[in-house]
Every structure is written in C-alpha cells, then in structure tokens.
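Asker: Have a look at this fold, sequence not included:
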C-alpha cells in the first residue's frame with residue numbers, strides 16, 4: 001500500500017467512525033430538531049444561492065473542457081429555479097411525518113404478550129453519486145429525517161457544487177444542535193475512497209446507494225460488501241395500446257421522452273399496438289421530431305416514417321439519456337409485455353389505454369418497480385410520489401423497491417411487552 005492509499009484509508013475510516021457516532025445520536029433525535037435542521041438548511045440554500053451558482057459555474061466550465069454530453073451537462077447544471085426546488089424539497093421533507101418510532105403493526109398473543117413492530121433507522125448510509133448536485137441535498141435531508149447518518153461521495157464533475165450545498169446542510173445541523181458529522185461529504189475525489197466505502201469502512205456503513213451511470217452502479221453491485229439499494233439502468237418503456245386516446249398518446253409520450261432526457265425515468269423505447277399504427281404512429285413521431293428527437297424504428301416504422309433510422313438489436317437494450325427513442329410495432333399487449341420483460345431493466349413502464357382489462361394485465365404481468373397508466377414515466381420520482389424527494393430508485397426485490405424515501409431508509413425492531421410471562 002503506497003502513502004496515498006494509506007492516507008485515503010485512514011481518512012475514510014475516520015469518516016466512518018464519526019458517522020457511526022452521529023447515527024447513535026440521530027436515532028433518538030426529536031422530530032422538532034430534525035425539522036429545524038432541514039428548514040434552516042433550506043434557508044441557507046436560498047441565502048447562499050450566489051455562492052452555489054458560482055461553484056456550479058466552475059464545475060460546468062471544467063466539464064465542458066472535458067467534452068461532456070448535453071444530457072450530462074443538464075444533470076450538472078444549477079439554475080435559480082433548480083436551487084429554489086432544492087430548498088423546497090428540504091422543506092417538503094421537514095413537513096413529512098417522522099417515520100422513526102412509528103408502529104407498523106401491533107398484535108396480542110393468547111399468552112398476553114403485546115407485540116409491536118416499530119420503525120427504526122438503518123444507521124449509516126453511504127451514497128455514491130455522479131453529476132447531480134441535488135443528490136447532495138436530497139440524500140442529506142432524507143437520511144437526517146429518517147434518523148440516519150450519511151456519507152456522501154459525489155463525482156469530481158460536481159465536487160465544487162456538492163461542497164457548497166453540503167455547507168448549507170451543515171449550517172442547518174448547527175442551528176438545530178445536531179451532530180455536524182450527521183451529514184459528511186468525502187473530501188477527496190480519489191477513486192480509492194469509493195473502494196473503502198464499498199468495503200463497509202470497518203463495519204460502520206449499513207447500506208450503499210449508488211446514483212449514476214451503468215458503470216458506477218455495476219461496480220457498486222459487483223464490489224460492495226454491504227447491502228445495496230440500486231438500479232443498474234433506467235430502460236423505461238411506454239406502450240400505446242389500441243384503445244389509447246391520440247391526444248393523450250402524443251402528450252404523454254413527448255413528456256415521457258423529452259421533458260428531461262437525462263433522467264432515469266425517461267422513456268427509451270416506445271411500443272405501438274399494430275391496430276393504431278395508421279392513426280397514432282405518425283402524429284406521435286411527428287411531435288417527437290418537432291422536439292428534435294431522433295427516431296430509431298423497426299422495419300414497419302422505417303417504412304411508414306421515412307425520417308426514422310433503422311433500429312439495431314442494441315437499440316432495444318440502450319438507455320440513451322439523450323433525445324433518441326427506439327420505436328417498435330407490436331401485434332398485441334402480450335407482445336408488448338414480452339418485449340418489456342426481455343429488454344427492460346425493471347425500472348418504470350407506462351401503458352396508454354382506455355381498456356381496464358389491458359391495464360390490469362400490464363400491471364399484473366410486468367415485473368418492474370413502477371408501473372403507470374395514462375401518465376408519463378417521468379413521474380418515477382420520490383418527490384412526485386409524495387416522499388419529499390428520493391435517495392434513489394431501487395429495482396431489487398428486498399426491503400426497498402421504487403423510489404427510496406423516508407420509510408425505505410428505516411428498518412424495524414420488535415417491542416414485546418409482558419406481565420411476567422415465562423415460556424413453558
């Protein structure tokens with residue numbers, strides 16, 4: 001081990017120990033204290049917006065010099081409106097019920113024992129993310145409200161912006177008298193720090209949440225020695241059923257693809273029922289092209305819509321994160337479901353339909369974390385679910401699935417009350 005690796009190891013070990021100590025305090029912190037920390041942090045975000053924008057401008061200049069994609073640049077960029085949204089998200093999380101200590105279930109046994117299942121914090125959460133500066137605020141706020149400490153490791157592209165946002169969160173903790181180590185940000189961009197987090201920092205990290213591209217999430221899932229809440233990619237589908245309203249099909253599809261092309265809930269593949277090809281295909285694709293979206297289609301799409309490029313097999317597997325969509329004609333809902341199950345990433349799928357039987361089948365047979373009827377896939381977001389924000393989207397099947405909010409950041413324990421019972 002060279003001196004630099006040794007330094008990173010010792011730095012990360014100390015961060016883990018401080019986080020564990022802070023987590024013990026947060027586990028019984030009052031709701032009022034946590035809410036004060038969040039609202040004070042929101043006030044600091046607004047007050048420090050010039051500093052946030054200045055830090056972000058430096059990150060953007062550096063990122064452009066490296067030739068980043070437009071989708072990546074969109075994720076990285078802060079504006080006055082996005083800063084206001086970050087502050088509002090903190091306030092929204094403060095306004096949510098505190099999950100810690102809530103009774104999930106209660107029952108009595110014939111022997112008189114009273115048993116309760118009660119929510120408790122997970123402990124220390126490690127969040128590894130790339131270019132989204134808002135993740136710093138969302139992750140910090142959600143972990144704090146759920147009684148957890150958090151260690152944040154952002155990408156080098158957003159390092160200045162993340163540090164500026166983190167400073168505002170620390171102001172909130174200080175105002176509420178909570179441990180400043182409750183929300184820590186890794187001070188180095190050395191990749192060795194990620195490896196230390198994935199190893200668990202000597203048992204101080206309880207769960208890892210990666211937010212980023214396929215390579216980052218894949219590395220986390222392959223190397224982590226602690227549980228992971230993650231999705232590998234957001235390969236989302238929208239299916240236009242034969243009973244779909246044309247106006248709705250146009251509006252929902254365009255929003256699902258083009259509102260923000262770089263988010264994980266953006267539709268990447270459009271499936272169209274063969275029975276409405278003559279009425280729906282061209283108007284929907286015309287609307288997408290009008291928004292400068294590139295169409296990659298199967299043989300039928302290319303024949304009927306000359307602006308489309310021929311899709312290859314890789315297109316059905318691709319999360320574009322750009323203004324590109326692959327389009328396929330399917331014979332019926334069974335074929336649509338089969339396509340989603342074969343190519344999808346179990347993230348988010350939508351059906352546009354007026355047929356309750358088709359919707360019921362779509363919801364029953366597709367095994368994705370989020371399914372929508374007559375609504376854009378871009379609603380795959382914790383804030384839109386009423387969670388106040390999200391620390392990520394989980395597509396696994398244990399503990400947390402879909403947007404990971406306050407309740408998903410809690411475990412539980414059993415509290416058993418008796419009156420002197422002994423077991424025979």
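Answerer: The structure has been received and is ready for your questions. Fair warning: this is a prediction, and the values are worked out from it, not measured in the lab.
Asker: quick one: residue 227 and residue 208 touch, right?
Answerer: Yes: taking C-beta atoms under 8 Å as the definition, residue 227 is a contact partner of residue 208 at 7.3 Å. (Each C-beta comes from the backbone N, C-alpha and C, glycine too.)
Asker: Tell me the pLDDT of residue 1.
Answerer: pLDDT, residue 1: 45.
Asker: Equivalent analysis for residue 108, please.
Answerer: With respect to pLDDT, residue 108 scores 97.
Asker: So which elements touch the helix or strand encompassing residue 143?
Answerer: Assessed by DSSP states H and E, residue 143 sits inside helix 134-145. Contacts defined by 3 or more C-beta pairs under 8 Å, 6 or more residues apart in numbering; DSSP states H and E place helix 134-145 against helix 31-47, helix 80-95, strand 124-129, strand 149-153, helix 159-176, strand 183-185.
Asker: And the fifth one, what's buried?
Answerer: Along helix 159-176, the positions that meet the burial threshold by neighbour count (16 or more other C-beta atoms under 10 Å) are 159-173, 175-176.
Asker: try the first one
Answerer: Within helix 31-47, the residues scored as buried using 16+ other C-beta under 10 Å are 33-45.
Asker: re earlier: closest one to residue 358 among the helices and strands packed on helix 134-145?
Answerer: helix 80-95 (34.7 Å; C-beta to C-beta).
Asker: what about residue 374, neighbour count?
Answerer: 16 (other C-beta atoms under 10 Å).
Asker: That should have said residue 322, apologies.
Answerer: 17.
Asker: go on, residue 17?
Answerer: 14.
Asker: try residue 295
Answerer: Residues lying near residue 295 (other C-beta under 10 Å) number 21.
Asker: try residue 29
Answerer: Residue 29 has 22 nearby residues by other C-beta under 10 Å.
Asker: Quick check: it touching residue 148?
Answerer: No: at 10.7 Å, residue 29 and residue 148 do not qualify as touching, with contact defined as C-beta under 8 Å.
Asker: that older thread, could you give the separation of the helix holding residue 143 from the chain centroid?
Answerer: Centroid separation for helix 134-145 versus its chain: 12 Å, with C-alpha atoms, centre = their mean, to the nearest Å.
Asker: any idea of the mean pLDDT for it?
Answerer: Helix 134-145 carries an average pLDDT of 94.
Asker: ditto for stretch 200-214
Answerer: Rounded mean pLDDT across stretch 200-214 is 89.
Asker: ok, back up a step: more neighbours, residue 227 and residue 208?
Answerer: residue 208 (25 against 17).
Asker: centroid residue for this protein?
Answerer: residue 392 (2.5 Å; C-alpha atoms, centre = their mean).
Asker: and which of the buried residues of helix 31-47 is nearest to residue 120?
Answerer: Of these, the one sitting nearest to residue 120 (C-beta to C-beta) turns out to be residue 34, at 14.7 Å.
Asker: List the contacts of that closest one.
Answerer: 26, 94, 98, 144-145, 147, 176, 178 (C-beta atoms under 8 Å, 6 or more residues apart in numbering).
Asker: Please repeat the previous calculation with a cut-off of 7 Å.
Answerer: Contact analysis of residue 34 by C-beta atoms under 7 Å, 6 or more residues apart in numbering lists 144-145.
Asker: low-scoring pLDDT stretches of the protein, where are they?
Answerer: 1-5 (pLDDT under 70).
Asker: In it, where's the longest helix?
Answerer: In terms of residue count, the longest helix belonging to the chain (DSSP state H) is helix 3-26.
Asker: Check which residues of that helix are buried.
Answerer: 8-9, 11-12, 15-16, 18-23, 26.
Asker: The protein: helices as residue ranges?
Answerer: Under DSSP H, the chain gives helices at 3-26, 31-47, 49-65, 70-76, 80-95, 134-145, 159-176, 192-198, 214-223, 246-258, 282-290, 299-304, 333-343, 356-365.
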